[in-house]
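Visitor: below are the sequence and a predicted model for it; my questions follow.
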Amino acid sequence: MLTTPKLKTLQELITGASKEELIWLSGYLAGVVAQNTGTPALLSATGAAQETEPPAKPAVNKITIAYGTETGNAKKVATDFAARAKKNGINAKLVGLEQYRLNDLAREEYFFTVISTQGDGEPPLAAKKFYDHIHQSGLRLDKLKYGVLALGDTSYPLFCKAGEDVDKQFQSAGGQRVVPLQKCDTDYETEAVQWFDDVLGRLMSQNAPAAGPSAPAITRKHVGKKIYNGTVLTNTDLNDRGSGKQTYHIEILAEDVDYQPGDSIGITPENPLVTVEAIISLTGIDPTKKLQHRNEDISIFDLLKKKLNIVFLPERVVKKYAAIVQQDIPETKISLLDLLKIYSVKDTTQFLEVISILEPIAPRLYSISSSPEAHAGEIHVTVARDTFIVNGEKKYGLCSDGLSCLTPGQTIEFYVHKNSQFKLPAPDKDIILIGPGTGIAPFRSFLAERDATGAGGKNWLFFGDQHFTTDFLYQTEIQNWLETGVLTRINTAFSRDQQEKVYVQHKMQQHAAELYQWLESGSLVYLCGAKEPMSVDVENTLLTIITEQGKKNPTQAAGYLDELKESGRFVKDVY
């Protein structure tokens, strides 16, 4: 009998193994037993010693596994797939879609892609060129045998839309599915492994059959996200009086939350009560009437308050509304209340039709600004209250406005959104952190974690905002980290404190020589904050520094930066 530790090791080894891997393993163990015991191997019919059966030879020798990722999850999954394929004797080429040569696609025979969906059903920024390429008219992929693993979040209306689009375009261009499209929620690990088991099974088969051009997407029961309930401890405006901004530091008491620095939490906001009551009054609908929503019976009031997006309807929903009320309505973002005021429904029955086309409220993601080691039992977030003007009227972001009004003692629900790429390196590694505005949030987590664990790597922070006196977020903590040596150095850029605007990229350029030395010595670079224009400007500045300080031509500099990205030494969390 095996001891408990050995039995556990064996169980871990065989869990998730494919049929072919188990067959190989059984043959390998039989050979080991024969060698260790001196027992002769089984004899063949001719009397010759029969050697241990070698691993099954795959029917397919070469495949390409390409990934399109925003947070790093798709890359991690694709990398694991490539490693498993190679162990099974299949030569797997692993490549990011941002580096994939588009002209090669028509020559591919076996092509598997792992792609996530961002925002309103969009592909990751790194996969945009590839995505646009496969949507061009006249594209033919008659040689292609393919499979698509789509990562997404079921909380969003257009769940896995980018993956669905890639699968559809491949099929329309003449490609053949090896396995059906697999759509995965944020808890993707089990389903992803099962999907690639199916892929390997087909590739190892002598016939390597395709799944057929009309194979439906695989649907498996989701276990759902783990929802945590927390209690607000504090809610503090980090901006001083006179600032043009409101940025809130919110501390939440929540025991046993599994997260790491670099992760985010997802919060689904509720709609304003005054808006919900106005809709009910305008339509005359019974707010207590129960309807079925995602396998649960729920009142119309709770649907409008807690579940359905009624604040700014996307154009696709406005188009469906127009069809229901049979009116010509411009395709634009508009609130349900304004739609009902301008293009009213004729009765409650018609309004029930409208309810059926409304999409769920999408969760908002906020970078965690606390550290598991430094802030045990708590989750902290940094929230900028979003403001904008619509028809001359000042409006507030639905979620950020709600969070800004939280008071100590109130409860809040959230889930943890893992980010496998945006993670701290080994304790002795040096890091460069570039985080203007609320981009400072994950870096507060990073620095607090490194402080609490006594990490020896150097830390260089670039922070920026509008004014030093009113907008220096976490100023006291940052200065303490500098004084105690946790921060090796800090460079700040307060854009409105002088006549000419100064941003973090200008500070990077001022310290170009030393920044390049840090890169050459192996430092990692982390960037967090607004996607446009900040992250674009910072990346262009980094490219300029590499060109000038490294004395490289543009092609060499671009290659240097690509290598930083591919090796995980330049990672972004931008929004």
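Guide: Now that the structure is in, tell me what you want to look at.

Visitor: who are the contact partners of the residue most central in space within the chain?
Guide: The chain has Thr71 as the residue nearest its centroid, 4.1 Å off, counting by C-alpha atoms, centre = their mean. Contact analysis of Thr71 by C-beta atoms under 8 Å, 6 or more residues apart in numbering lists 116, 419-422, 573. Quick note: C-beta positions are derived from backbone N, CA and C, even for glycine.

Visitor: mind doing that once more with 7 Å?
Guide: For Thr71, the contacting residues are 419, 421-422, by C-beta atoms under 7 Å, 6 or more residues apart in numbering.

Visitor: go on, Met534?
Guide: Met534 makes contact with Pro436, according to C-beta under 7 Å, 6+ apart.

Visitor: only the buried residues of the longest strand anywhere in the chain, if you could.
Guide: Identified as the longest strand of the chain according to DSSP state E is strand 228-237. For strand 228-237, a neighbour-count test (16 or more other C-beta atoms under 10 Å) marks 228, 230, 232, 235 as buried.

Visitor: what packs against the helix or strand just after that strand?
Guide: Scanning forward in sequence from strand 228-237 by DSSP states H and E, the next helix or strand is strand 247-253. The contact analysis (3 or more C-beta pairs under 7 Å, 6 or more residues apart in numbering; DSSP states H and E) places strand 247-253 against strand 228-237, strand 378-384, helix 398-404.

Visitor: so for the last one, what's the average pLDDT?
Guide: Mean pLDDT, helix 398-404: 96.

Visitor: how long is stretch 414-421 end to end?
Guide: Stretch 414-421 has its terminal residues 21 Å apart, counting by C-alpha to C-alpha, to the nearest Å.

Visitor: what does that stretch rub up against?
Guide: 71-73, 75-76, 186, 225-228, 230, 257-259, 262-267, 365, 568, 571, 573.

Visitor: repeat for stretch 547-564
Guide: Taking contacts as C-beta under 7 Å, 6+ apart, the residues outside stretch 547-564 that touch it are 99, 512-513, 516, 525, 542-543, 546, 570.

Visitor: if we go to 10 Å?
Guide: Here stretch 547-564 makes contact (C-beta atoms under 10 Å, 6 or more residues apart in numbering) with 96, 98-99, 509, 512-517, 519-520, 523-525, 539, 542-546, 569-571.

Visitor: how about that stretch: buried residues?
Guide: 547, 549, 557, 560-561, 564.

Visitor: turn these into CSV, columns for secondary structure, distance to Phe351 and pLDDT.
Guide: What follows is the buried residues of stretch 547-564, written out as CSV (DSSP: H, G, I helix; E, B strand; the rest coil; distance: C-beta to C-beta, whole Å; pLDDT from 0 to 100):
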residue, secondary structure, distance to Phe351, pLDDT
Thr547, helix, 60, 98
Gln549, helix, 63, 98
Ala557, helix, 59, 97
Tyr560, helix, 59, 97
Leu561, helix, 54, 95
Leu564, helix, 54, 95
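
Visitor: of these, which is the nearest to Leu203?
Guide: Proximity of the buried residues of stretch 547-564 to Leu203 (C-beta to C-beta) peaks at Leu564, which lies at 32.9 Å.

Visitor: report the separation between that closest one and Val232.
Guide: Separation of Leu564 from Val232 (C-beta to C-beta, to the nearest Å): 39 Å.

Visitor: ok, Ala126 next?
Guide: Here Ala126 is placed at a distance of 36 Å from Val232 (C-beta to C-beta).

Visitor: assumed the residue nearest to the centre of the chain was part of a strand.
Guide: No. Assessed with DSSP: H, G, I helix; E, B strand; the rest coil, Thr71 is coil; it does not lie in a strand.

Visitor: for it, phi and psi?
Guide: When read as degrees, to the nearest 10, the backbone of Thr71 gives phi -110, psi -10.

Visitor: circling back: mind listing which of the contacts of stretch 547-564 are in helices?
Guide: 509, 512-517, 519-520, 539, 542-546 (DSSP state H).

Visitor: could you single out the nearest of those to Val345?
Guide: Distance to Val345, by C-beta to C-beta, is smallest for Glu539 among the ones in helices among the contacts of stretch 547-564, at 48.3 Å.

Visitor: residue contacts, the closest residue to Tyr248 other than its chain neighbours?
Guide: In space, and not counting its chain neighbours, Tyr248 is closest to Val383: 4.7 Å by C-beta to C-beta, 6 or more residues apart in numbering. Applying C-beta under 10 Å, 6+ apart, one finds that Val383 lies in contact with 235, 238, 246-250, 267, 364, 366-367, 369, 397, 399-404, 406, 438, 441.

Visitor: now with 6 Å?
Guide: 248, 400, 403 (C-beta atoms under 6 Å, 6 or more residues apart in numbering).

Visitor: hey, what's the first one bridged with?
Guide: The reference is to Tyr248. Asp237, Val383 (DSSP bridges).

Visitor: for it, give its distance to Thr411.
Guide: 17 Å.

Visitor: repeat that for the second one.
Guide: When distances are taken as C-beta to C-beta, Ser400 and Thr411 turn out to be 18 Å apart.

Visitor: more neighbours, these two?
Guide: Per other C-beta atoms under 10 Å, whichever of Ser400 and Thr411 has more neighbours is Ser400, with 21 against 11.

Visitor: and whichever helix or strand Phe81 is part of, what's buried?
Guide: For Phe81, the element it lies in under DSSP H and E is helix 73-87. Residues 73-82, 84-85 are the ones in helix 73-87 that count as buried (16+ other C-beta under 10 Å).

Visitor: what does stretch 185-194 give?
Guide: 185-186, 188, 191-193.

Visitor: are any of the ones in helices among the contacts of stretch 547-564 buried, and which?
Guide: Applying 16+ other C-beta under 10 Å to the ones in helices among the contacts of stretch 547-564, the neighbour count classes 512, 515-516, 519, 539, 542-546 as buried.

Visitor: now flag whichever of those is closest to Asp428.
Guide: Using C-beta to C-beta, Leu519 is the member of these that lies nearest Asp428, at 16.8 Å.

Visitor: follow-up on the earlier one: now the angle from the longest strand of the chain to strand 247-253?
Guide: 140 degrees (axes from the mean of the first three to the mean of the last three C-alpha atoms, to 10 degrees).

Visitor: and strand 228-237, what does it pack onto?
Guide: Here strand 228-237 touches strand 247-253, strand 411-417, going by 3 or more C-beta pairs under 6 Å, 6 or more residues apart in numbering; DSSP states H and E.

Visitor: which one of the ones you listed is the most hemmed in?
Guide: Per residue and on average, the most neighbours among these fall to strand 247-253, with a mean of 21 (mean count of other C-beta atoms under 10 Å).

Visitor: which parts of the stretch 301-450 of the chain are helices?
Guide: For the stretch 301-450 of the chain, applying DSSP state H, counting those that start in this stretch gives helices covering 315-325, 336-342, 348-357, 398-404, 441-453.
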